[in-house]
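**Student:** let me see the structure of the following:
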Amino acid sequence: MDFEFIRPAILWLLLPASGLFFIALLKHKKNQSASLIAPHLASFVMSESNNKARQPLWLVALFCNLAIIFSAGPSFEEKQVPVFQSKSARVIVMDMSYSMYSTDIAPNRLMQSRFKALDMVELFKEGDTALVAYAGTAYTISPLTNDAKTLANLIPSLSPEIMPDKGSNVLAGLDMAQELLSQAGYLDGDIILITDGIEQQQQSDVSRFTNSSQYRLNIYGVGTAQGAPIKLPEGGFLKDNYGQIVVPTLNASLLEGLAKNSGGQFADYQPSNSDIAVFSPQANSEVLKSEKPNLALWRIDAGIYGLLILLPLALYLFRRSALVSAVLLLSFLPQQNAHAAELPTLFKNTDQRALEAYNNKEYQQAAQARSSALKGAALYQQGQFDAALNEFSQDKSATGYYNYGNALAKAGQLEAAIDAYKQAQVKQDNFREAAENQALVEQLLNQQQQDQQNQQGNDSQNQNEQSQEDADKSKQDQQKNGEKNNADKSEEDSQNSEQQQSDQSSQQSKDQQGQSGEQSDKQNEPDMQAQSQSQQNENKDENTPQQDEPQNQPNEMSEQPPSDEQKQQAQQQAMQAQAAELTNEEKEKAQQLNQLLRKVPDDPAILLRNKMQLEAQKRQYQRRPTGVEKSW
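**Tutor:** Residues are numbered from 1 along each chain as shown. Sure, this is the predicted structure:
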């Protein structure tokens with residue numbers, strides 16, 4: 001059961017009512033003389049009239065409190081009722097010719113026209129507003145929309161530099177505005193022209209337009225009758241074909257006559273907002289060709305049932321209390337019209353408090369809402385896209401599918417997001433935002449697939465390079481092993497030849513000893529010792545290279561370049577570092593994709609310029625209209 005008060009501000013009356021009755025209760029006890037007389041004698045001393053005049057304060061307090069509570073409109077349910085909304089529409093047409101750089105109004109006409117256009121957008125609280133800019137040709141900057149923030153973001157980006165063609169073709173801007181209103185189905189509407197002047201040769205064209213158009217032409221003049229030179233952004237002043245400095249002036253009487261001819265209003269520049277007040281929406285707003293009723297939720301007021309309790313109580317108190325009689329009489333007096341106002345937080349329901357928190361960017365508190373759409377939006381803003389998906393999935397409307405697709409895109413489920421955008425377009429025709437997001441997500445999906453293909457190609461190339469390097473290493477190792485074996489074999493052959501020579505010399509000495517056998521042993525001992533000593537020295541000399549070789553080998557190894565194992569380890573570390581870099585790049589790409597999904601352009605002026613240049617290319621086959629020849 002969803003219980004709330006329709007008019008909760010009335011409950012504030014409980015505070016003063018309670019205070020008044022508390023004071024009356026104290027006063028009543030103070031004046032009560034029964035407190036000075038014994039209770040068994042009070043019935044004889046007090047007169048019967050005094051007993052009848054005694055006020056039942058607790059009944060009066062109960063009656064007033066119940067009346068206040070029932071007047072606040074307690075509601076236990078809501079019902080769908082058809083509602084009709086009167087809509088208004090207008091198109092702001094801004095002059096983007098180079099004469100808007102004239103400095104007769106500080107800092108220049110262009111800056112002041114932007115400020116006034118922003119003030120107009122804030123002035124139009126109801127209805128739809130479109131934005132058109134013209135120079136040599138006219139372009140739609142924004143179609144009819146009730147989103148004032150979109151218009152406020154686009155207006156500061158307008159300047160003559162972004163216009164594809166130079167000139168001041170005001171008729172093209174008026175035709176574009178009329179086309180926007182007629183396509184939207186408005187039979188009545190306003191065209192607000194912000195310009196610094198209309199040429200004499202264009203006056204007849206504009207007059208014919210106002211006579212044939214069903215829409216009112218309102219003109220806001222920016223400039224002065226004295227005029228000033230046109231100071232260009234790159235420096236210097238604009239000159240005509242004869243080298244003279246151009247000084248554009250404002251012909252206010254001409255503009256006022258054109259506006260009056262169509263039943264519109266004219267105003268020229270004033271520092272305050274009193275000049276644009278004449279363009280405020282009128283009471284008799286525009287009517288759509290085929291206006292259909294919308295369904296709105298309306299709370300059922302259950303306070304009417306409180307009369308069943310209040311009427312009997314009022315009849316009882318009416319004959320005994322003049323105060324209650326006065327309250328009943330005052331309740332039948334005519335009341336003022338009720339106006340919507342901001343309610344205190346105490347008397348707001350959960351969704352109202354959550355909506356207020358959401359508007360204040362307190363998304364964590366807004367996530368406590370009962371409404372799935374509001375709760376999903378709060379979770380979406382916190383970055384909890386998976387939780388937001390569960391909330392958005394409960395809404396089967398076009399907006400629900402649209403929000404569901406945005407959450408899927410943020411969660412990285414691009415293919416599912418495309419399906420959700422398609423469902424939103426099926427539910428609602430001409431759902432431009434869903435179509436744009438679908439195209440953007442499809443572009444991101446194609447880019448992601450292309451990056452994956454490139455990554456796979458790089459991985460396969462790295463594997464091929466690694467296998468080729470391994471093959472080259474193994475080949476080099478085989479060559480080194482072969483050279484080492486050859487060196488060992490040659491060294492072994494040299495050692496064998498030396499050993500053979502030593503054996504031959506020893507054999508010859510033995511033969512000589514056999515021939516000198518007659519000599520005594522004592523004489524032979526020194527010779528044998530000397531021979532033995534010489535043989536030992538000889539063997540020592542022969543063995544010295546073999547013993548020194550393993551000692552010199554580590555030094556030789558230290559002087560050589562790094563080994564194959566060290567090279568392989570270094571390459572593995574380099575590959576790991578490269579893989580880590582690729583992972584960081586993928587994270588950066590994912591972050592860039594998320595930034596693109598936000599659809600917040602860094603420079604809206606560049607986007608507008610590119611948009612108008614593409615549209616200008618499509619119009620190249622058309623005839624250049626009057627007004628293009630003028631460059632300012």
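**Student:** measure Arg109 to Gln428 for me?
**Tutor:** Arg109 is 41 Å from Gln428, where distance means Cβ to Cβ, to the nearest Å. C-beta here means a position set from N, CA and C on the backbone, and glycine is covered the same way.
**Student:** also Tyr98?
**Tutor:** 42 Å.
**Student:** just want to know which of those two has more residues nearby.
**Tutor:** Tyr98 (23 against 15; other Cβ atoms under 10 Å).
**Student:** the helices in the stretch 351-500 of the chain, which residues?
**Tutor:** 363-366, 372-381, 385-392, 398-410, 414-427, 432-515 (DSSP state H, counting those that start in this stretch).
**Student:** and the last one, average pLDDT?
**Tutor:** It refers to helix 432-515. Helix 432-515 shows an average pLDDT of 60 in the prediction.
**Student:** tell me the confidence at Asn251?
**Tutor:** Confidence score, pLDDT, at Asn251: 89.
**Student:** Asn594 now?
**Tutor:** Looking at Asn594, the pLDDT reads 70.
**Student:** next: Pro156.
**Tutor:** Per the predicted model, pLDDT is 91 at Pro156.
**Student:** now do the contacts for it.
**Tutor:** Neighbour list for Pro156: Arg114, Leu118 [criterion: Cβ atoms under 8 Å, 6 or more residues apart in numbering].
**Student:** how near is it to Leu123?
**Tutor:** 17 Å.
**Student:** same check on Lys375?
**Tutor:** Applying Cβ to Cβ to Lys375 and Leu123 gives a distance of 34 Å.
**Student:** and these two? Which one has more around it.
**Tutor:** Lys375 (23 against 15).
**Student:** surely the more buried one touches Leu389?
**Tutor:** No - checked against Cβ atoms under 8 Å, the pair Lys375 and Leu389 is beyond contact range at 11.9 Å.
**Student:** what's the overlap in contacts for the two?
**Tutor:** Joint contacts of Lys375 and Leu389 (Cβ under 8 Å, 6+ apart) do not exist.
**Student:** pretty sure Ser168 contacts Ala135?
**Tutor:** Yes - using Cβ under 8 Å, Ser168 is in contact with Ala135, at 6.8 Å.
**Student:** show me the common contact partners of these two, please.
**Tutor:** Common neighbours of Ser168 and Ala135 (Cβ under 8 Å, 6+ apart) are Asp95, Ser97.
**Student:** restricting to C-alpha, output stretch 59-68 in CSV.
**Tutor:** Extracted in CSV, the C-alpha atoms of stretch 59-68 (Å, rounded to 0.1, in the frame of the first residue of the first chain):
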residue,chain,number,x,y,z
LEU,A,59,-13.1,17.2,21.8
VAL,A,60,-12.3,20.5,20.2
ALA,A,61,-8.6,19.5,19.9
LEU,A,62,-9.6,16.2,18.4
PHE,A,63,-11.9,17.8,15.9
CYS,A,64,-9.3,20.4,14.7
ASN,A,65,-6.5,17.8,14.4
LEU,A,66,-8.7,15.4,12.4
ALA,A,67,-9.8,18.3,10.2
ILE,A,68,-6.2,19.3,9.5
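**Student:** tell me the mean pLDDT over that stretch?
**Tutor:** Rounded mean pLDDT across stretch 59-68 is 85.
**Student:** would you mark the buried spots in that stretch?
**Tutor:** Of the residues in stretch 59-68, Val60, Ala61, Phe63, Cys64, Ala67, Ile68 count as buried by neighbour count, 16 or more other Cβ atoms under 10 Å.
**Student:** can you classify the fourth one by secondary structure?
**Tutor:** Recorded secondary structure, Cys64: helix (DSSP: H, G, I helix; E, B strand; the rest coil).
**Student:** in which helix or strand would I find the residue lying closest to it once chain neighbours are set aside?
**Tutor:** Among residues not flanking Cys64 along the chain, Ala17 sits closest, at 5.1 Å (Cβ to Cβ, 6 or more residues apart in numbering). Assessed by DSSP states H and E, Ala17 sits inside helix 14-31.
**Student:** what residue ranges in this protein score low on pLDDT?
**Tutor:** For the chain, residues meeting the criterion pLDDT under 70 lie at 1, 28-56, 80-87, 282-297, 318-348, 456-583, 587, 595-608, 619-632.
**Student:** outline the domain layout of it.
**Tutor:** As given by automatic domain parsing, the domain ranges for the chain are 4-81+298-331, 89-279, 345-445.
**Student:** just confirm Met120 is within a helix.
**Tutor:** Yes - counting by three-state DSSP, Met120 is found in a helix.
**Student:** burial measure for it, as a count.
**Tutor:** 21.
**Student:** how close does the residue nearest to it when sequence neighbours are not counted get to Ala259?
**Tutor:** Counting by Cβ to Cβ, 6+ apart, the nearest residue to Met120 once its immediate chain neighbours are dropped is Ile276, at 5.5 Å. Look at Ile276 and Ala259: by Cβ to Cβ, they are 14 Å apart.
**Student:** got it, and Ile300?
**Tutor:** Applying Cβ to Cβ, the value for Ile300 to Ala259 is 49 Å.
**Student:** with Ala117 instead?
**Tutor:** For Ala117, the distance to Ala259 - Cβ to Cβ - is 17 Å.
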